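Participant: Prediction below, plus the sequence it came from.
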Amino acid sequence: MTKTVKLVLPTYQELPNMGLYLKQVVAYIEDCTQDLASITITNSMVSNYVKHQLIPHPTKKLYYRDQIAMLLFIVVAKTVLEQQDLRQAVQIQAQTYDLSVAYDYFNAELTNVTEYVRGQRPALAEIGHEQTDEKQMLRNIIMAFAYREYLYRYFHQADNESLSN
């Protein structure tokens, strides 16, 4: 029922670091997550993440690589976590791993889990060299997201098919 889609988010180094305005950040994240049907992001949402201190304030109204990396994680995790739990997940990441390492791990694990849930790979790969509680927590967030995403796609496709009949 689901079409095969290859999920590819940019690596940390590929994220723009020249400074983007809010509208550009939203458009960039929408473009990055176009293969994730359940993801939504708006200017207001980003402003609220700043207001609630989930991401740092923009510098002279410009958002940079670190903020964009954090936003990509947030738009995925917010679909399965309450705001307080999301805040705690961001804090745990900040205390455990450098953002560039954490983001690239998140990115690899998101692809790994999403492809597994979509039936595009027979088993989950082991990502990274060490297994920690923090990595297991992140994998579980991504698993919850991936199964939710699968169901979202499944039911929306079923709705569209029933409308066309």
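Facilitator: That came through fine. Numbering: from 1, shown residues only.

Participant: Which residues are in contact with Leu99?
Facilitator: Residues near Leu99 by Cβ atoms under 8 Å, 6 or more residues apart in numbering: Tyr12, Asp66, Ala69, Met70, Gln93. C-beta coordinates here come from the backbone N, C-alpha and C atoms, glycine included.

Participant: gap between the helix or strand hosting the third one and the chain center?
Facilitator: Pointing back at Ala69 there. Using DSSP states H and E, the element containing Ala69 is helix 65-77. Between the centre of helix 65-77 and the centre of its chain there are 6 Å (Cα atoms, centre = their mean, to the nearest Å).

Participant: ok and the biggest helix by length in the chain relative to helix 65-77, angle-wise?
Facilitator: Looking across the chain with DSSP state H, the single longest helix is helix 133-164. Relative orientation of helix 133-164 versus helix 65-77 (axes from the mean of the first three to the mean of the last three Cα atoms, to 10 degrees): 60 degrees.

Participant: which other helices and strands contact helix 133-164?
Facilitator: Here helix 133-164 touches helix 65-77, helix 83-96, helix 99-117, going by 3 or more Cβ pairs under 8 Å, 6 or more residues apart in numbering; DSSP states H and E.

Participant: Now with 7 Å, please.
Facilitator: Counting contacts by 3 or more Cβ pairs under 7 Å, 6 or more residues apart in numbering; DSSP states H and E, helix 133-164 is packed against helix 83-96, helix 99-117.

Participant: How far off centre is the shortest one?
Facilitator: In other words, helix 83-96. Taking the mean of its C-alpha atoms, helix 83-96 sits 14 Å from the chain's own mean (Cα atoms, centre = their mean).

Participant: in it, what counts as buried?
Facilitator: Across helix 83-96, burial judged by 16 or more other Cβ atoms under 10 Å covers Leu86, Ala89, Val90, Gln93.

Participant: Which of these sits closest to Gln34?
Facilitator: Nearest to Gln34 among the buried residues of helix 83-96: Leu86, at 22.4 Å, using Cβ to Cβ.
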